[in-house]
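> Sequence and predicted structure below; questions after.
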Amino acid sequence: MGLCASKSDSPSPKVAAASPKTVKRTANTVNKSKSKPVSQVKKAPKVTSKGNKLSDGTTDEKDQILSPKEAARLAAEKRQQEANEKLTKGELGKKLASEKGKSYRAQVLEDAEQKKLEKQTADLTYD
């Protein structure tokens, strides 16, 4: 393999450069556009009626007052509440919910008390 910058042994034939040709344009050679003039283009008719809301027709006054942001927040809270109720139905779910409800400090204190009790019970020597 050679270098990219190396010269080849045989000179390559040069292609004759195309001479620039000038073309005179006259009224007959100008491209005519096929589009209609602006005055002949049909305009879309204006709609004067209001749009209709697509729903089942059961809307509450509360839904109409809430902003979309507030409605999204309420929907998220409702979904979270339903998920929590579903998870805390059984005995294990209740235990898990109580563990999740504890703060970090409460967990550390509980672990420290548990270790202290284990240490006290391990230090007892029976004769």
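Right, received. Where do you want to start?
> Could you pull out the buried residues of whichever strand or helix holds Arg105?
Using DSSP states H and E, Arg105 sits within helix 104-123. Buried positions in helix 104-123, judged by neighbour count with 16 or more other Cβ atoms under 10 Å: none. Glycine gets a C-beta too; all of them are placed from N, C-alpha and C.
> With stretch 83-92 instead?
Quick answer for stretch 83-92 (16+ other Cβ under 10 Å): Thr88.
> Do me a favour and average the pLDDT over that stretch.
Stretch 83-92 shows a mean pLDDT of 86.
> neighbouring contacts of it?
93-94, 96-97 (Cβ atoms under 8 Å, 6 or more residues apart in numbering).
> Next one: Lys43 relative to Ser49, how far apart?
From Lys43 over to Ser49 the distance is 18 Å, taken as Cβ to Cβ, to the nearest Å.
> okay, now Val47: neighbour count?
When neighbours are defined as other Cβ atoms under 10 Å, Val47 has 7 of them.
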